[in-house]
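K.L.:
got a structure for you, letters missing:
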């Protein structure tokens with residue numbers, strides 16, 4: 001019963017973040033310019049725009065879609081691997097992901113309402129928390145059908161899966177720390193946040209193959 005109650009609370013929080021995003025969009029809509037800034041360069045300045053309806057409501061729609069997906073996927077998992085193996089740690093991560101989206105959406109609205117700031121710099125703390133949460137999640141995740149470093153080599157060998165995800169969890173946590181260094185170098189904030197994560201992702205793919213060859 002406790003697990004069910006906890007799960008319902010997390011689902012409620014996710015639903016509320018989606019609802020709040022739509023409400024924010026509706027409340028600010030008439031004050032938003034016809035062309036909405038929707039993309040920023042590595043220096044945190046807007047360099048891409050889209051029409052107002054999409055610019056204001058695209059992210060809330062994406063959040064709503066992810067919310068529906070998160071409620072649907074466990075129902076399709078006949079063997080209950082999703083619920084039993086991922087459990088509470090995964091659902092906490094999903095809540096954090098929705099809060100990240102809501103924070104991102106708030107920044108987008110603020111910028112388009114005329115508040116000028118270095119967009120990348122304001123995203124760094126959120127990215128850092130998200131990367132740490134990803135590390136904490138995959139560090140403990142067992143083989144499953146949905147998340148993780150799901151290469152042919154990790155999926156075919158449980159020891160490879162364990163080694164890759166144990167190392168990957170630590171590396172993503174390191175990425176969280178590295179991202180915060182971007183606060184000291186504002187022009188390179190985006191580089192500190194993204195390049196290490198991309199490098200870790202590519203490394204883990206190669207590492208999974210090397211370990212599979214070694215253990216095969």
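P.N.:
Good, I have the coordinates. From a predicted model like this one, the values you see are computed outputs, not experimental measurements.
K.L.:
can we go C-alpha only for contacts and neighbour counts from here?
P.N.:
OK.
K.L.:
residue 13: what's it in contact with?
P.N.:
Contacts for residue 13 were tallied using Cα atoms under 8 Å, 6 or more residues apart in numbering; they are residue 95.
K.L.:
how about it, phi and psi?
P.N.:
phi -60, psi -40 (degrees, to the nearest 10).
K.L.:
how much space separates it from residue 53?
P.N.:
26 Å (Cα to Cα, to the nearest Å).
K.L.:
before we move on, which element is the residue most central in space within the chain in?
P.N.:
Nearest residue to the geometric centre of the chain (Cα atoms, centre = their mean): residue 97, 5.1 Å. Assigned by DSSP states H and E, residue 97 belongs to helix 87-112.
K.L.:
name the helices or strands packed onto that helix?
P.N.:
helix 2-28, strand 35-40, helix 52-76, helix 119-140 (3 or more Cα pairs under 8 Å, 6 or more residues apart in numbering; DSSP states H and E).
K.L.:
out of those, the one nearest residue 164 is which?
P.N.:
helix 119-140 (8.8 Å; Cα to Cα).
K.L.:
and that closest one, what's buried?
P.N.:
119-140 (16 or more other Cα atoms under 10 Å).
K.L.:
lowest-pLDDT helix or strand in this protein?
P.N.:
None of the helices or strands of the chain scores lower by mean pLDDT, DSSP states H and E than helix 81, at a mean of 53.
K.L.:
just to revisit the earlier point, tell me the most buried of the helices and strands packed on helix 87-112?
P.N.:
Among the helices and strands packed on helix 87-112, the stretch with the highest mean neighbour count (mean count of other Cα atoms under 10 Å) is helix 119-140, at a mean of 21.
K.L.:
the helix or strand just after it - contacts with which helices or strands?
P.N.:
As assigned by DSSP H and E, the chain's next helix or strand after helix 119-140 is helix 152-156. Packing partners of helix 152-156 (3+ Cα pairs under 8 Å, 6+ apart): helix 158-180, helix 189-215.
K.L.:
outside of the first one itself, list whatever touches it.
P.N.:
Translated: helix 158-180. 124-125, 127-143, 148-149, 153-155, 189, 192-194, 196-197, 200, 204, 207-208, 211-212, 215.
K.L.:
can you check stretch 109-129 too?
P.N.:
Contacts for stretch 109-129 (Cα under 8 Å, 6+ apart): 25, 28, 31-33, 36-37, 40, 42-45, 56, 100, 103-104, 107, 175-177, 179-180, 182-183, 186, 189-190, 193.
K.L.:
please report the distance of the nearest residue to residue 104 once chain neighbours are set aside from residue 213.
P.N.:
Closest residue to residue 104 apart from its sequence neighbours, by Cα to Cα, 6 or more residues apart in numbering: residue 123 at 7.4 Å. Separation of residue 123 from residue 213 (Cα to Cα) stands at 39 Å.
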